[in-house]
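Student: Take a look and give me a structure for this.
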Amino acid sequence: MVRIRAMGLIAVGAVLVSCTATNVGPGAYTKAAQNRLVVTIVSGDGVPAEAVGFGSEVADASDGLIQVKVDNTSISGDEFPDYETRVIQYVADGKADLGVVAARAFDLVGNESFAALHAPFLIDSYALEEAILRSTWGQALLEGTRPAGVVGLGYADGILRRPLGYTRALLDVPDYAGARIGIRAGGVAEMTMQALGATPFVFPPGDTAGLDGMEVHVNQILLGGYDTGADSLTGNVAFWPRPAVIFANAAWFDRLTVEQQATLRTAGMNNMEATIAGRANFVANILGELCSGVIAIKHAPRAALASLRAAVQPVYDQLETDPDTRATIRAIEALKSSLNAPADTLTCDAPPAASPSSSVVIDSPIVGTWTTSITRDELRSSPLTDFQELLFEESWGDFTLVLNPDGHMSLRQANPIVSGTQTGTYSVKGDRVVISMDGLGRSFGGRWSLFRDTLTFARVASEELPTPYVIRSWTRLP
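Tutor: Residues are numbered from 1 along each chain as shown. Predicted coordinates:
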């Protein structure tokens with residue numbers, strides 16, 4: 001089974017970075033190079049795809065006049081289970097211009113702007129989550145972060161988090177009684193587990209010792225290896241989604257020009273739409289791997305669903321003591337009723353996602369399986385390597401690229417730091433290739449050339465392929 005800890009080669013190739021520039025602060029928004037704004041976004045995530053995607057959208061929206069540097073080393077999620085609250089405080093203190101965390105973390109710093117998004121068992125479909133994030137009142141929640149010293153700029157679509165059982169299947173209220181349930185830090189999660197009769201525990205990433213279960217999204221099962229020793233994943237129960245929030249230091253943001261502020265907000269909206277667009281195939285591909293024997297997926301009986309909802313009524317009673325949270329919960333309930341969207345359910349009987357359509361046939365000599373190897377020294381010394389890939393220093397090793405004739409592709413990476421496979425789709429037109437990686441919500445383009453069984457990729461301006469594609473040529477495998 002493939003473990004996917006950190007596909008840094010995919011994420012970091014998207015961000016536009018100047019490794020010699022420094023923060024110049026707000027100024028006239030012109031084409032003059034001296035007025036270029038370089039900002040830093042901090043994340044406690046080892047591979048901050050949400051931060052990288054936002055940086056790419058900022059570069060596009062500003063025509064290159066605002067550049068984003070990703071800092072994922074100042075605060076480490078591997079070191080601090082409460083890294084998300086640390087990121088919020090770090091940005092509020094002015095140590096970074098921007099930050100990105102899961103929305104759940106804000107109530108831990110005394111800000112309940114997003115608490116309603118995590119009301120247990122309320123948001124149970126991606127159609128509902130998307131409608132909320134796009135709504136006028138959903139966007140207005142971003143401004144409610146100002147009391148924490150930051151201002152929200154946009155969301156990233158979040159995967160639904162579900163019960164994963166270790167010592168038992170988590171299907172009904174009695175299954176939670178006396179159980180130690182792992183959670184990511186968040187006040188609503190703590191209250192929910194307590195209401196179900198469980199003991200919540202904010203566990204260090206990757207450490208499941210002593211847990212009877214956890215709340216988790218499907219991608220994290222593979223990233224963290226959380227399937228090891230697991231009984232089952234409950235496929236028809238969703239605690240809540242995991243939207244992320246991109247935010248700025250409020251005082252710094254208010255000093256920017258009106259046009260710069262508008263550009264950052266536009267990038268936030270565009271980044272949200274990109275994550276929504278990429279999520280369906282991303283989840284479908286993860287589910288395909290889970291259903292290949294990684295883990296059992298079980299369903300709670302209909303009566304159990306009602307019992308779970310009834311058990312967490314005290315959580316709603318507490319949340320609704322805040323008038324704004326109560327109003328947001330009512331708005332979500334009204335939207336849910338009007339959409340009438342079925343709950344998203346994971347099942348291994350579901351057919352795979354059809355994107356691209358089964359009628360797609362790639363007729364190109366680059367169809368096949370290719371391999372290349374890049375040393376760490378080559379990554380460090382290549383003029384094609386950008387600053388972010390040096391920051392991660394994971395974009396090296398042995399690579400296997402599979403380009404299938406139906407338009408699907410996969411990229412396998414292995415080195416002592418990271419080992420995993422990223423999937424996606426691709427298209428070819430003449431000597432141009434466009435690759436869309438699942439879960440990133442954007443594409444990478446370039447040119448290809450072939451001499452006998454040696455394939456070479458080259459970058460094209462504004463559609464840059466990640467560095468591992470272009471440092472060395474690829475050799476066809478039989």
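Student: burial measure for residue 81, as a count.
Tutor: The tally of other residues near residue 81 (other Cβ atoms under 10 Å) stands at 18. Quick note: C-beta positions are derived from backbone N, CA and C, even for glycine.
Student: now it: how far from residue 369?
Tutor: In this view, residue 81 and residue 369 are 40 Å apart by Cβ to Cβ, to the nearest Å.
Student: just residue 424 next, same as before
Tutor: With distances taken as Cβ to Cβ, residue 424 is found 15 Å from residue 369.
Student: before we move on, what about residue 139?
Tutor: Distance from residue 139 to residue 369, by Cβ to Cβ: 45 Å.
Student: what's the answer for residue 212, then?
Tutor: Distance, residue 212 to residue 369, using Cβ to Cβ: 43 Å.
Student: who has more neighbours, those two?
Tutor: Neighbours were counted for residue 212 and for residue 369 using other Cβ under 10 Å; residue 212 has more, 21 against 16.
Student: for the residue lying closest to that one once chain neighbours are set aside, phi and psi?
Tutor: Once flanking residues are discounted, residue 212 sits nearest to residue 179: 3.9 Å by Cβ to Cβ, 6 or more residues apart in numbering. Taking degrees, to the nearest 10, you get phi -80, psi 150 for the backbone angles of residue 179.
Student: Just give the number of residues close to residue 179.
Tutor: There are 21 residues near residue 179, going by other Cβ under 10 Å.
Student: That one touches residue 200, doesn't it?
Tutor: No. Judged on Cβ atoms under 8 Å, residue 179 makes no contact with residue 200 at a distance of 10.0 Å.
Student: Dump stretch 470-478 to PDB, restricted to CA.
Tutor: Included here for stretch 470-478 are C-alpha records, laid out as PDB according to Å, rounded to 0.1, in the frame of the first residue of the first chain:
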ATOM      1  CA  VAL A 470      12.200  19.200 -16.200                       C
ATOM      2  CA  ILE A 471      15.600  18.700 -14.400                       C
ATOM      3  CA  ARG A 472      16.400  15.400 -16.200                       C
ATOM      4  CA  SER A 473      15.000  13.400 -19.100                       C
ATOM      5  CA  TRP A 474      12.800  10.400 -18.700                       C
ATOM      6  CA  THR A 475      13.500   6.800 -19.900                       C
ATOM      7  CA  ARG A 476      10.700   4.600 -21.200                       C
ATOM      8  CA  LEU A 477      10.100   1.400 -19.300                       C
ATOM      9  CA  PRO A 478       9.200  -1.700 -21.300                       C
END
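Student: distance between that stretch and the chain's centre?
Tutor: 29 Å (Cα atoms, centre = their mean, to the nearest Å).
Student: what's in contact with that stretch?
Tutor: Stretch 470-478 is touched from outside by 368-374, 378-379, 382, 384-385, 400-401, 446, 453-459, with contacts defined as Cβ atoms under 8 Å, 6 or more residues apart in numbering.
Student: now the host helix or strand of residue 445: mean pLDDT?
Tutor: Using DSSP states H and E, residue 445 falls within strand 443-451. In this model, strand 443-451 has a mean pLDDT of 85.
Student: buried set for the helix or strand following it?
Tutor: As assigned by DSSP H and E, the chain's next helix or strand after strand 443-451 is strand 454-459. For strand 454-459, burial by neighbour count (16 or more other Cβ atoms under 10 Å) applies to 455, 457, 459.
Student: Would you pull up how far strand 454-459 lies from the middle of the chain?
Tutor: Put simply, strand 454-459 sits 29 Å off its chain's centre (Cα atoms, centre = their mean).
Student: so where's the protein uncertain?
Tutor: 1-35, 46-47, 77-79, 349-360, 384-394, 417-420, 439-442, 461-464 (pLDDT under 70).
Student: max-length strand in it?
Tutor: Looking across the chain with DSSP state E, the single longest strand is strand 419-429.
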